[in-house]
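In: Give me a 3D structure for the following:
(one chain, ligands or ions: 1)
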Amino acid sequence: MEQLAILGGEPAVRTDPGDIFDWPIITEEDEAAALDVLRRGAMSGTDVTVEFERDFAEWHGVKYALGHNTGTASLHSAMFGCGLGVGDEIICQSMTFWASVLQAMNLGATIVFADMDPETITLDPDDVERKITPRTKVIMAVHYMGYPTDMGPIMELANARGIKVIEDVSHAHGARYKGQLVGTIGHVGAMSCMSGKALAIGEAGMLITDDQEIYERAIAFGHYERTGQIEHPELQKLAGLPLGGFKYRMNQLSSAVGRVQLKHYQERMEEIQRAMNYFWDLLEGAPGLQAHRPPPDSDSTMGGWYSPHGLYVPEELGGLSVEDFCAAVRAEGARTSPGANFLLHRHPVLNEADVYGDGTPTRIAHADRDVRQEADSLPKSDSLPERVYSIPWFKHYRPEIIREHAAAFRKVVAQAGALLDRS
Ligand SMILES: Cc1ncc(COP(=O)(O)O)c(C=O)c1O
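Out: As a prediction, this is how the structure comes out:
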């Protein structure tokens, strides 16, 4: 067996990856669309955005889509749209990007974290049920790193209690849960479309819903120039000023590029799916490594596989740490790093910061009890940072290159003993 590169051997990855990792794919069509907006001086208008919203709504088969200038803004609007306010509780998972939930503090709501399923790294519906109280207004279901949350039981829990479900689709554009597009299962979906995402169109976000009240409340919150289209009589009376004091309009350079990207997204996403599934097929059975993807017979998919990760089982590799594992794989020339987003429930902003001068930590400023969660209060979540690692995000199905990268991972697990002997 060839010696590990980290111990002085030849790296497993020898071929130039070319454009296999490049994203987004920008062609003259995108350039022409952006130039048209620039030349018309239409960056701050809404004509292209309204067309993009129409495309987006049609893709998802929903009534309403509302463009935003960031995913953070779209999620904030979704929270307000659902009526989340002072003293209400929102349940979310702890391992996610902060913008899945932090905006709730700005609405005076209380953030409660539920544990995650360590196989899917999404909300564990059983723990969600344990965390529900009479104050729970919203459940935030994050389709984390592309994996669709188990929406069936979550919708059952929510609908039985009049709780609203927001889907954070930022990592999962085009993913399906049991055949249904994510973002269309909860009461409202919201998502980032910033440049690093699978649907990458610049700083941008989108909210989608079938619920007229959520849609109109979202308009009223951050889209002052569109309040004229609101039908709700109470909201209509307030038209002209944004209720949140926010300006959340999408930049039309993004919506113009978005229309072009969307046209090609299905085809490009399918190639990513083929490439990523091939990578995992090659690693099937490798000790210590487990795919983070739905079972093939589940009719669920990973969409554009944003930020793909694997599950790490150190017990199968003699206890080799995920850091040492990743360092050895990187030395072989493949892209990987340990962990994923840090756990929010441990961060001082959620435990100590008095952001608005309430004289108490903002997280509990309007709570009926201290909901702050100790470091070991979410056992499955707490174990995750040592059990996940990123994998290469292939945008093209190029089997020879993908095989080399998979070989890098296999080479390291096959010689985990040599790494352990070294330390
Ligand atoms: C899960 C998740 N939610 C929300 C956001 C916020 O989106 P944006 O950066 O477009 O504001 C991001 C990422 O950026 C994210 O990863």
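
In: where does Ile201 sit relative to the ligand, distance-wise?
Out: 10 Å (CB to the nearest ligand atom, to the nearest Å). Every C-beta, even on glycine, is put in place using the N, C-alpha and C of the backbone.

In: Am I right that that residue is in contact with Gly258?
Out: Yes: the pair Ile201 / Gly258 is scored as a contact, 4.1 Å apart, by CB atoms under 8 Å.

In: quick one: which of these two has more around it?
Out: Between Ile201 and Gly258, counting by other CB atoms under 10 Å, Gly258 is the more crowded of the two (30 against 26).

In: Need the residues touching each of Ile201 and Gly258.
Out: By CB atoms under 8 Å, 6 or more residues apart in numbering, Ile201 and Gly258 have these common neighbours: Cys193.

In: OK, contacts around Gly81?
Out: Gly81 neighbours (CB under 8 Å, 6+ apart): Val188, Leu207, Thr209, Asp211, Glu213, Ile214, Tyr215, Arg217, Ala218, Phe221.

In: Report the residue ranges of every domain in this protein.
Out: As assigned by automatic domain parsing, the chain contains the domains 5-24+265-340+383-422, 28-260.

In: mind checking how far the shortest one is from the chain centre?
Out: Pointing back at domain 5-24+265-340+383-422 there. 19 Å (CA atoms, centre = their mean, to the nearest Å).

In: what does the longest one give?
Out: Average the C-alpha atoms of domain 28-260, do the same for its chain, and the two points are 11 Å apart (CA atoms, centre = their mean).

In: Ala220 belongs to a helix?
Out: Yes: applying DSSP: H, G, I helix; E, B strand; the rest coil, one finds Ala220 inside a helix.

In: can I assume it is in contact with Lys237?
Out: No: Ala220 lies out of contact with Lys237 (CB under 8 Å); the separation is 10.5 Å.

In: So between the two, which is more surrounded?
Out: Ala220 (25 against 9).

In: Show the contacting residues for that one.
Out: Neighbouring residues of Ala220 by CB under 8 Å, 6+ apart: Thr227, Ile230, Leu235, Leu238, Ala239, Pro242, Leu243.

In: Narrow those to those in helices?
Out: Leu235 (DSSP state H).

In: Report pLDDT for Pro296.
Out: Predicted confidence (pLDDT) for Pro296: 88.

In: Next, it: phi, psi?
Out: When read as degrees, to the nearest 10, the backbone of Pro296 gives phi -60, psi -30.

In: Contact residues of the stretch 1-150 of the chain facing the ligand?
Out: Thr70, Gly71, Thr72, Leu75, Thr96, Phe97, Ala99, Ser100, Val142 (CB under 6 Å from any ligand atom).

In: Dump those residues to JSON lines, plus distance to Asp88, pLDDT and neighbour count.
Out: Supplementary listing: these in JSON lines, determined by distance: CB to CB, whole Å; pLDDT from 0 to 100; neighbours: other CB atoms under 10 Å:
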{"residue": "Thr70", "distance to Asp88": "23", "pLDDT": "98", "neighbour count": "19"}
{"residue": "Gly71", "distance to Asp88": "22", "pLDDT": "98", "neighbour count": "25"}
{"residue": "Thr72", "distance to Asp88": "19", "pLDDT": "98", "neighbour count": "22"}
{"residue": "Leu75", "distance to Asp88": "15", "pLDDT": "99", "neighbour count": "31"}
{"residue": "Thr96", "distance to Asp88": "19", "pLDDT": "98", "neighbour count": "26"}
{"residue": "Phe97", "distance to Asp88": "22", "pLDDT": "98", "neighbour count": "20"}
{"residue": "Ala99", "distance to Asp88": "19", "pLDDT": "98", "neighbour count": "19"}
{"residue": "Ser100", "distance to Asp88": "16", "pLDDT": "98", "neighbour count": "29"}
{"residue": "Val142", "distance to Asp88": "19", "pLDDT": "98", "neighbour count": "27"}
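
In: Inside helices: which ones of those residues?
Out: With DSSP H as the criterion, helices contain Gly71, Thr72, Leu75 from among these.

In: List the residues that contact the residue lying closest to the second one once chain neighbours are set aside.
Out: Beyond its immediate neighbours in the sequence, the residue positioned closest to Thr72 (CB to CB, 6 or more residues apart in numbering) is Ala99, lying 4.1 Å away. Under the criterion of CB under 8 Å, 6+ apart, the neighbours of Ala99 are Thr70, Gly71, Thr72, Leu75, Ser170, Ser192.

In: Having no further points to raise, I will conclude here.
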